[in-house]
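S.K.: Provided below are the primary sequence and the corresponding predicted coordinates.
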Amino acid sequence: MIALVLESPGHAVCRTVSDPPPPTAGEILLDVRMVGLCGSDLNSYRGRNPLVTFPRTPGHEVAAVVAELNPDFPEWQPGTPVTLSPYSHCGACPSCLRGRPNACQHNQTLGVQRDGALTQRIAVPASHLFRANLSLRELCLVEPLTVGFHAAARGRVSPQDVVAVFGCGGIGLGAVAGAAFRGATVIAVDLDDAKLATAQKAGAQHLLHSGRTDLAAQLAELTQGRGPDVVIEAVGLPQTFRAAVELVAFTGRVVYIGYAKEPVAYETRLFVQKELDILGSRNALPEDFQAVIRMLEAGTFPVDDTISRVVPLADAPAILDEWSGDPLRFTKILIQVD
Ligand SMILES: [Zn+2]
Ligand SMILES: [Zn+2]
């Protein structure tokens with residue numbers, strides 16, 4: 001079968017690879033239909049993801065159909081459209097034992113530490129599959145949106161909350177949609193008018209351009225001086241990490257999904273004075289997948305606004321090269337595999 005293979009940093013090819021081994025007892029064989037690429041795949045392509053070794057087939061945002069019946073799982077009939085959770089979990093680490101396999105200490109993500117879905121057939125544990133009444137494009141958006149939905153869940157977002165989301169890229173947009181789906185009043189913050197416009201369509205009631213407004217003053221005005229109940233940080237810069245703690249309400253919750261690339265200096269007095277809940281958020285749980293699927297099935301998410309390009313598998317090396325030359329040019333690229 002044909003696969004996209006990252007041979008070395010900056011060098012991708014479509015070539016023949018061996019068929020997947022026969023599915024093990026708990027696995028279902030899938031025909032891959034479409035796969036989304038995100039910033040982490042671009043990082044892998046450029047050789048900047050320390051978890052990726054070469055050669056590697058990327059692909060973790062998957063739309064597929066069941067290829068063959070596994071008699072142990074009659075509920076997964078051939079032809080059933082599915083998406084999947086690309087994470088693995090060991091079952092024995094502290095996270096797994098606490099029922100939080102999304103943060104497994106020994107997680108291996110499809111397309112990162114092991115070969116991914118940008119090929120024609122893959123075998124996946126039945127427990128990782130999700131069915132949905134969605135188009136192929138929508139199925140590819142499920143996984144990237146779950147990361148923000150999980151952050152909203154970590155922040156225990158409820159209809160009474162005002163939630164500020166810092167950063168409306170792919171992950172932040174999921175947090176906006178996730179907080180809105182939970183009934184909160186959402187304030188989207190970004191430096192890009194187009195991203196703010198998409199955030200509004202995804203459910204943000206208030207939009208703040210942090211380059212043109214005084215963020216602290218605006219957040220205070222929108223919350224009668226209290227500050228947001230929850231701040232979700234999806235940028236990853238030291239100043240936004242700090243701003244989250246400075247601007248959140250007393251006894252509020254701060255959720256970090258962004259990865260800061262350098263150490264961050266804090267006024268830790270605020271942790272104590274405000275008695276904050278400061279939470280990390282990583283990957284997503286099955287219930288986050290179910291929630292995203294319900295939202296997409298309801299048709300309330302601006303699917304077309306979030307997809308930059310759809311190209312056939314044969315064009316994947318060229319589009320990766322183009323994207324690497326101009327990283328701001330695309331947000332979400334979908335690769336048509338079949
Ligand atoms: Zn992704
Ligand atoms: Zn584990």
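M.R.: Alright, I've got the coordinates. Numbers count the residues shown, from 1 in each chain. Ligands and ions are numbered 1, 2, ... in the order given.
S.K.: all contacts plus neighbour counts: C-alpha atoms, from now on.
M.R.: Noted.
S.K.: okay, the top helix by length along the chain in CSV with CA atoms only?
M.R.: If each helix of the chain is counted by residues according to DSSP state H, the longest one is helix 136-154. The C-alpha atoms that make up helix 136-154 are tabulated as CSV, following Å, rounded to 0.1, in the frame of the first residue of the first chain:
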residue,chain,number,x,y,z
LEU,A,136,-15.2,13.0,6.1
ARG,A,137,-14.1,16.6,6.6
GLU,A,138,-16.0,16.8,9.9
LEU,A,139,-14.6,13.5,11.1
CYS,A,140,-11.1,14.9,10.6
LEU,A,141,-11.9,17.9,12.8
VAL,A,142,-13.0,15.8,15.8
GLU,A,143,-9.6,15.0,17.3
PRO,A,144,-8.1,18.5,17.0
LEU,A,145,-11.3,20.0,18.6
THR,A,146,-11.2,17.5,21.5
VAL,A,147,-8.0,19.1,22.9
GLY,A,148,-9.8,22.4,23.6
PHE,A,149,-13.0,20.6,24.8
HIS,A,150,-10.8,18.7,27.3
ALA,A,151,-9.4,22.0,28.5
ALA,A,152,-13.0,23.3,29.1
ALA,A,153,-13.7,20.1,31.0
ARG,A,154,-10.6,20.5,33.1
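S.K.: now find how far off-centre it is within its chain.
M.R.: How far helix 136-154 lies from its chain's middle: 5 Å, per CA atoms, centre = their mean, to the nearest Å.
S.K.: after it, which helix or strand is next?
M.R.: Stepping forward along the backbone from helix 136-154, the first helix or strand reached (DSSP states H and E) is strand 162-166.
S.K.: packing partners for the longest helix of the chain?
M.R.: Using 3 or more CA pairs under 8 Å, 6 or more residues apart in numbering; DSSP states H and E as the contact criterion, the neighbours of helix 136-154 among helices and strands are strand 27-37, strand 61-66, strand 81-84, helix 170-181, strand 253-256, helix 286-298.
S.K.: so for ligand 2, which of these sits nearest?
M.R.: Counting by CA to the ion, ligand 2 lies closest to helix 286-298 out of these; the figure is 15.2 Å.
S.K.: average pLDDT for the strand or helix carrying V186, rounded please.
M.R.: When elements are defined using DSSP H and E, V186 is found to belong to strand 185-190. Summarised as a single mean, pLDDT over strand 185-190 is 98.
S.K.: could you point out the helix or strand that follows that strand?
M.R.: The first helix or strand that comes after strand 185-190 along the chain, using DSSP H and E, is helix 193-201.
S.K.: hmm, back to that, now render the helices and strands packed on helix 136-154 as a markdown table, adding distance to ligand 2.
M.R.: What follows is the helices and strands packed on helix 136-154, written out as a markdown table (distance: least, CA to the ion, whole Å):
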| stretch | distance to ligand 2 |
| --- | --- |
| strand 27-37 | 19 |
| strand 61-66 | 22 |
| strand 81-84 | 18 |
| helix 170-181 | 24 |
| strand 253-256 | 21 |
| helix 286-298 | 15 |
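S.K.: which of the ones you listed sits most buried?
M.R.: Ranked by mean neighbour count, the helices and strands packed on helix 136-154 are led by helix 170-181 with a mean of 28 (mean count of other CA atoms under 10 Å).
S.K.: mind listing what T16 touches?
M.R.: When the contact criterion is CA atoms under 8 Å, 6 or more residues apart in numbering, the partners of T16 are 1-3.
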